[in-house]
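>>> here's my sequence, what's the structure:
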Amino acid sequence: MPSAPHHRLLKMYKRRLAWAVACWLCGQVSVLAQAPIPPMNAGADPLAKMDFTQIYLDQINQHQKDSEQQRAQNKNLLDSGMVSALDLAAPNRAVQEYNRATSLMKAQHSKEAIEHLQKAIAIYPKFVSAHIGLGLAYVDQEDIPQAKSEFEAATKLDAKFPASFLNLGRMALSQNDFLTAQSELEQAASLRPNDARILSTLAYAQNGSHEYQHVLETAQRVHALDHKGMANVHYIAASAAMALNDFETTERELNFFVSEDPTNAFVPVARQNLAALTHNRVVRAAGAANSRTATIVVASLRPQTFPNSDRLKAQLSALGNEPDIGSCEDCSTLAEANPTREGVNSGAPSTVPPTVPLPAAWTIRTNVDQVTLFFAVSSHGHMVNDLEQSNIRILDDNKPPERVERFAPLSKLPLRLALLVDTSGSVHDRFSFEKHAATKFVEKMLSGASDLAFIAGFSHEITVTQDFSSEPNEMGVGIEKLANGGGTALFDAVSFACRKLAAYPDAEQVARVLVILSDGEDNSSHSSLKQSIQAAEGTGVTIYTISTREEPGDKSDADRVLEVLAERTGGEAMFPGNILTLGKSFNKLHDLIRSRYFVAYKPANFQANGSYRTISVIAEKDGKRLQVRARKGYHARMESSHN
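The predicted structure is shown next:
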């Protein structure tokens, strides 16, 4: 047993050892005592403590290497323009909220993403990427003022971050504000002069501002960069060169476009114009020998249209300001069970002349005199899909119904969808792109075996390329079969589609929807606009229209035709204004259709006299009046003249 002095000495050595280890742990490894420290136990390895020191030094060195690697990664992120320098200081909690929002945005849940992005900004107000993400979420919710506010907030936080200006430019483009878009995109390009994505978008804005020479210069800058997936810039450049009558440059840009993206939807149009340009050279060469017989065919990237014809003005004037209150010729006869179906697909497209007889239409399907109505409800542009029957009031012929027999979201009913695609010559240049967007839309709409759709194209006649089917792949094949050319018999096509939807032998209540993709320029129908609206009202079909018009300017008569068809039947007219945003319009349309409500009721004081009865739907929630889209009315059935 050691003596008391020796014991105290040992305790002192132990305290010194503990102090030395603590110094190591605090990083003070360079001031180790020179004198050896006595071992705690006989036989212990005196180098063990040095091994521990070396391990800690290795950890310090590794931490320095990790820090250097992190700094290199941060530099790469900043150089790539993916994040702002301010974002690197965002705390973990803010980053976690941002990541949750990113996942929700990818799943198309922008409304929920907004909450997480707001939390991220509340935690770290200088989170530039979160402001931009919030702006994009608001764009998805079609809240343009809020979106602009968030993008502008990002520019004020970091004026050297190009993504903020890029998104401001894109938003201005979506509103056809080309001058503002060009200004914002030029700022983004000055910050990242070799970003092909920014430059390609800038070229589009310059083309909209008619600065054609600048378009060509910007396109050359893009072409000198790695611009995979951005071949459209050459199509834009070709359009600009055409405007300058620079046919040589037009041909060069179109050849670039076709070779870089041979499967692009615009390639058929490009090839058509290349053929026309080749023809021009031949004609000009012949003209050098005989100028009197030379005729030059000028290629065009846009078709000639007549959106304000006297015919359309007359059709709109015939409607008046109110829904038609006359009698409905087709409503006097109730349809028999299992009516004959027209235009059945037998493996090849069926062409249906506009004058072919069709099954009689009806609104009130049985003598119970039950009215069925579909309507959509929104608040400040956002769909409201959580209403109860207590939130709804209905007036039929200015009177409350005798009773409401059923109220349900449309998602609980089978869908009967008709897609009418304008195949006339007026839409030739954009036809391939439209077919691609329409295919994605129909495939998304068919959610099960109970949903059915058919595809038809119309020019001067109607062609059913795919009859009723629940198979999305068959819809795509039917759309692909659509062929371009001819006049535009829009009103005939609407009447045909409505009657075909009503003729399908359904044993249960279904939702009938007609989607029309057209520029609205009817020039060859036998029926009138009023008759096509009556056909929709008489069959309970809701019409949605998407305009294919791209030319900016005041609203045309063709635009009003599309608006009237939709509004009189409870649908909505959409005007993308830009074929590149057509897909987004189809996505919005999907949400509109699936967010509607269905109500069945027995009208009060009903008389079977064939008269027109108006419908008014009022929706309120939490004391706020909501916007409702519903058809304006219906024609009562006509009592038989014999008992």
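>>> do you know how far residue 423 is from residue 548?
Distance, residue 423 to residue 548, by C-beta to C-beta, to the nearest Å: 11 Å. To be clear about C-beta, it is placed using only N, CA and C from the backbone, and glycine gets the same treatment.
>>> the two: which is more packed in?
For residue 423 versus residue 548, the count of surrounding residues by other C-beta atoms under 10 Å is larger for residue 423: 28 against 24.
>>> look up the closest residue to that one, ignoring the ones flanking it.
Distance criterion C-beta to C-beta, 6 or more residues apart in numbering; nearest residue to residue 423, sequence neighbours excluded, is residue 457 at 4.0 Å.
>>> and if you look at residue 396?
residue 603 (4.2 Å).
>>> just give the number of residues close to that neighbour.
23.
>>> residues touching it, list them.
369, 371, 396, 397, 399, 401, 402, 613 (C-beta atoms under 8 Å, 6 or more residues apart in numbering).
>>> what is residue 399 paired to in the beta sheet?
When assigned by DSSP bridges, residue 399 has beta-bridge partners residue 396.
>>> just the buried ones from the contacts of residue 603, in PyMOL syntax?
Paste this into PyMOL to select the buried members of the contacts of residue 603, with burial taken from 16 or more other C-beta atoms under 10 Å:
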select buried, resi 371+396+397+401+613
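>>> pLDDT and distance to residue 241 added to the contacts of residue 603, as a markdown table?
Listed next are the contacts of residue 603 as a markdown table, based on pLDDT from 0 to 100; distance: C-beta to C-beta, whole Å:
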| residue | pLDDT | distance to residue 241 |
| --- | --- | --- |
| 369 | 72 | 64 |
| 371 | 84 | 58 |
| 396 | 92 | 59 |
| 397 | 90 | 61 |
| 399 | 92 | 64 |
| 401 | 92 | 63 |
| 402 | 91 | 67 |
| 613 | 86 | 58 |
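>>> looking at the contacts of residue 603, spot the one nearest residue 439.
When those are ranked by distance to residue 439 (C-beta to C-beta), residue 371 comes first, at 35.0 Å.
>>> distance check, the closest one against residue 317.
30 Å.
>>> low pLDDT regions in the stretch 401-550 of the chain?
Counting by pLDDT under 70, the stretch 401-550 of the chain shows low-confidence ranges at 425-430, 485-486.
>>> and if you look at the chain?
In the chain, residues with pLDDT under 70: 1-82, 107-108, 263-269, 286-308, 320-368, 425-430, 485-486, 551-553, 578-580, 638-643.
>>> so where do the strands sit in the stretch 401-550 of the chain?
403-409, 415-422, 452-458, 462-469, 511-518, 542-547 (DSSP state E, counting those that start in this stretch).
>>> the shortest one pairs with which strands?
Going back to what we said before, that points to strand 542-547. Per DSSP bridges, strand 542-547 is paired in its sheet with strand 511-518 (parallel), strand 573-574 (parallel).
>>> how about the secondary structure of the spatially most central residue of the chain?
In the chain, the centroid-proximal residue (C-alpha atoms, centre = their mean) is residue 584; its distance is 1.3 Å. Here residue 584 is recorded as helix under DSSP: H, G, I helix; E, B strand; the rest coil.
>>> and it, how far from residue 436?
14 Å.
>>> repeat that for residue 473.
15 Å.
>>> can you check residue 587 too?
Counting by C-beta to C-beta, the gap from residue 587 to residue 436 is 14 Å.
>>> likewise residue 477?
From residue 477 to residue 436 the distance is 14 Å (C-beta to C-beta).
>>> please apply the same query to residue 443.
Taking C-beta to C-beta, one finds residue 443 at 11 Å from residue 436.
>>> swap in residue 394?
40 Å.
>>> the more surrounded of the two?
Each of residue 394 and residue 436 has its neighbours counted (other C-beta under 10 Å); residue 394 has more, 20 against 17.
>>> phi, psi for that one please.
phi -120, psi 140 (degrees, to the nearest 10).
>>> quick check: it touching residue 602?
No - applying C-beta atoms under 8 Å, one finds residue 394 not in contact with residue 602, separated by 11.0 Å.
>>> anything in contact with each of these two?
Both residue 394 and residue 602 are in contact with residue 401, where contact means C-beta under 8 Å, 6+ apart.
>>> the helices in the stretch 201-350 of the chain, which residues?
212-223, 232-243, 247-260, 267-289, 310-319 (DSSP state H, counting those that start in this stretch).
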